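K.L.:
coordinates for the following, if possible.
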Amino acid sequence: MISRILKRRFFCLLIVVFLVAGCAGAPQTGQPGGPAPAVIEVWHSLLGAQADALQAQAQAISQAHPEVVIKLKYIPEQNFAAFSYQAEAGGEGPEIFIARREIIRQLYQQGTLGKAVYKDQGSFPAALAGFRFGETEYALPWLTDVPLLYFRTDKASVPSTIADLFSSQGGVSVTAADTATLSAWWNGQGGKLLNAENPSLDDPGNLAFLQQLLSWQSSQTLRIDPQALKAFAEGQTPYVIAGASQAILLNQQNVPWGSVPLTDLTGGQGKQLLGLTLGIANSAIMSDELSQPIQTVEKALLTPEVEGALVKAGSLLPANMAYYQSSEAQKGVFPQAYMAFSKAWSLEGNAPEWKLFSVQDAAWSSALAGNASPQDALTNAQAQAIKVLANKASS
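P.N.:
Okay, here's the model as predicted:
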C-alpha cells in the first residue's frame, strides 16, 4: 500500500517537473514557434550614407530587441507630407516618421501626427520646443545643427567682439546673410519680429542691424559667398560662419580650425536659431497595441550609440544631451556645439516667428542687393508680415 502511494506521488512529481520545464522553455517573441514580433514601419527622408547608417542601426536594434522588426521606407522630401496624408486617409501609413522640422510641422497641420509616444527627457530645450504644438510634444528631436564662427588657427585668432571681428580682424564670410545664420547677432543687438504679439519688422532695432549689414557688405568685411566654406578650407578667408556639423568636413580636409558660438562675440546676448533639425514622430493612425514596441524603437534610436553612427555618416549632430557626455564628444567641435545648443532660441512649433523669418530674409536680401533702401525694405516687410499673420489667424 505504502509503495503504491509513493509511486503515485513520484509520478505526480514527474508531471509537475515536465510542466515547469515546458513553460520555462516556451519560445519567446521573435524565436521559432514563439509569438510574432511587432513590425514597426518607419518612413524617412534620409539619403546616401545617412540612409545606409539608418538601415544598419535598424537591423542592430531588431537584433537587440527580437520582439520588434523595423521596416524602413524612403519617401522623397518634396512628396513627404502629401504622400503621408493620402496614405493615412486610406487607412495606411507607418508607425514612425523621420523627417526635418518643416515637414513635421506640415504633418501636424494636416492632422497626420499623433502625440509623441516616447517621452525623452534628454533633448536640448530649443530642439524639443520646435516640435511642441499647444504645449503638447508631437515629435522627438533626433539630429540638428547650429551656426558657429570658425577661424583658421594658422591665420587668425578668436575675436573678442563683433566690432573686433569687423574692424581689426577683417570680417567674415557667410553662405547667406539671413536670419538663420545671424539670428544671435541680430536679436542680441535689439532685433525683434514681434512687439506684444504684433509684427514689428520695421522696428528701429531691425533697421539699425540691416544698416550695419549693408555697411559691412560695402566695406567687404561681410562677404556673402555660396562657396564660403570652400574658401575657408582653402585659406582664402580666415573666418566663416557655418554649421557645427561642417567641422567633420573640415577635419577630412585637414584644415586647421577653431570655433566659438556666435554669442561669444555679443557678451552672451542673443539667441541663435537651430539649423536643419530631424525629428522622430508618430502616425495618427498607429494602433495602441504597438505603443510599447514603438517606444522600444524610439528609445533605441535616441541612444548615443545610434546617434553617433548617424553623425559619422551624415552632416548633423545629436539633438540629445546624453551624447555630449561620451568620451568622443569631449573634443573637436562638440564642446562648442553643446554650448550653442544649450543656449539656442526656443520657439514652439506654432510660434508666429516661423512665418516671419522668410519675410525678414526677403527684406535683408532686397536691401543688400541694392533693390531697396533698408527703411523701404523693412516697411514693405512690415506690410507683408501683417498679411501673413492675418492669414494665419483666419486659417
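K.L.:
when you work out contacts or count neighbours from here on, use the C-alpha atoms and nothing else.
P.N.:
OK.
K.L.:
what ranges do the strands span in the stretch 251-395 of the chain?
P.N.:
257-261, 278-283, 317-318 (DSSP state E, counting those that start in this stretch).
K.L.:
out of these, flag the one nearest Glu92.
P.N.:
strand 278-283 (9.8 Å; C-alpha to C-alpha).
K.L.:
show residues contacting that closest one.
P.N.:
Here strand 278-283 makes contact (C-alpha atoms under 8 Å, 6 or more residues apart in numbering) with 93-101, 104, 112-117, 131, 138-144, 298.
K.L.:
and the strands of the stretch 251-395 of the chain: which comes nearest Gln375?
P.N.:
It's strand 257-261; of the strands of the stretch 251-395 of the chain, that one is closest to Gln375 (C-alpha to C-alpha) at 29.9 Å.
K.L.:
and that closest one, how far out from the chain middle?
P.N.:
A distance of 21 Å separates the centroid of the chain from that of strand 257-261, by C-alpha atoms, centre = their mean, to the nearest Å.
K.L.:
check stretch 95-102 too.
P.N.:
Using C-alpha atoms, centre = their mean, the offset of stretch 95-102 from its chain centre is 10 Å.
K.L.:
export it as CSV, just CAs?
P.N.:
Extracted in CSV, the C-alpha atoms of stretch 95-102 (Å, rounded to 0.1, in the frame of the first residue of the first chain):
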residue,chain,number,x,y,z
GLU,A,95,4.1,53.9,-37.1
ILE,A,96,7.1,56.4,-37.2
PHE,A,97,8.1,59.3,-39.3
ILE,A,98,11.7,60.6,-39.5
ALA,A,99,11.8,64.0,-41.3
ARG,A,100,13.1,67.5,-41.0
ARG,A,101,11.3,70.0,-38.7
GLU,A,102,9.5,71.8,-41.5
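K.L.:
contacting residues around it?
P.N.:
Contacts for stretch 95-102 (C-alpha under 8 Å, 6+ apart): 40-46, 77, 130-131, 276-283, 285-286, 294.
K.L.:
chain neighbours aside, what residue packs nearest to the most centrally placed residue in the chain?
P.N.:
The chain has Thr277 as the residue nearest its centroid, 2.1 Å off, counting by C-alpha atoms, centre = their mean. Nearest non-adjacent residue to Thr277, counting by C-alpha to C-alpha, 6 or more residues apart in numbering: Thr144, 4.1 Å away.
K.L.:
surely the one you found and Gly275 touch.
P.N.:
Yes - between Thr144 and Gly275 there is a contact under C-alpha atoms under 8 Å: 6.5 Å.
K.L.:
neighbour count for these two, which is higher?
P.N.:
Higher neighbour count among Thr144 and Gly275: Thr144, with 25 against 18, using other C-alpha atoms under 10 Å.
K.L.:
residues contacting the more buried one?
P.N.:
Ala127, Leu274, Gly275, Leu276, Thr277, Leu278, Leu316, Leu317, Pro318, Ala319 are the contacts of Thr144 under C-alpha under 8 Å, 6+ apart.
K.L.:
that older thread, which residues does the residue nearest to Thr277 bridge with?
P.N.:
Leu317 (DSSP bridges).
K.L.:
what about burial for the contacts of stretch 95-102, which qualify?
P.N.:
Those of the contacts of stretch 95-102 that meet the buried threshold are 40-46, 130-131, 276-283, 285-286, 294, by 16 or more other C-alpha atoms under 10 Å.
K.L.:
redo the strands of the stretch 251-395 of the chain as a markdown table? Include mean pLDDT and distance to Glu67.
P.N.:
A markdown table is the format used below for those (pLDDT from 0 to 100; distance: least, C-alpha to C-alpha, whole Å):
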| stretch | mean pLDDT | distance to Glu67 |
| --- | --- | --- |
| strand 257-261 | 97 | 43 |
| strand 278-283 | 97 | 19 |
| strand 317-318 | 98 | 26 |
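K.L.:
same list (the ones you listed) but as JSON lines, adding distance to Lys343.
P.N.:
Formatted as JSON lines, the strands of the stretch 251-395 of the chain follow (distance: least, C-alpha to C-alpha, whole Å):
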{"stretch": "strand 257-261", "distance to Lys343": "10"}
{"stretch": "strand 278-283", "distance to Lys343": "19"}
{"stretch": "strand 317-318", "distance to Lys343": "15"}
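K.L.:
any idea which of the ones you listed gets closest to Lys387?
P.N.:
Closest among these, using C-alpha to C-alpha: strand 278-283, at 29.6 Å.
K.L.:
quickly run through the sheet partners of that closest one, with directions.
P.N.:
Here, using DSSP bridges, strand 278-283 pairs with strand 96-100 (antiparallel), strand 113-114 (antiparallel), strand 139-144 (antiparallel).
K.L.:
average pLDDT across the longest one?
P.N.:
Which is strand 139-144. For strand 139-144, mean pLDDT is 98.
K.L.:
distance from the chain centre to it, please.
P.N.:
Worked out by C-alpha atoms, centre = their mean, strand 139-144 lies 5 Å from the chain centre.
K.L.:
output the lowest mean pLDDT helix or strand found in the chain.
P.N.:
Every helix and strand in the chain was compared by mean pLDDT, DSSP states H and E; the lowest is helix 2-24, with a mean of 42.
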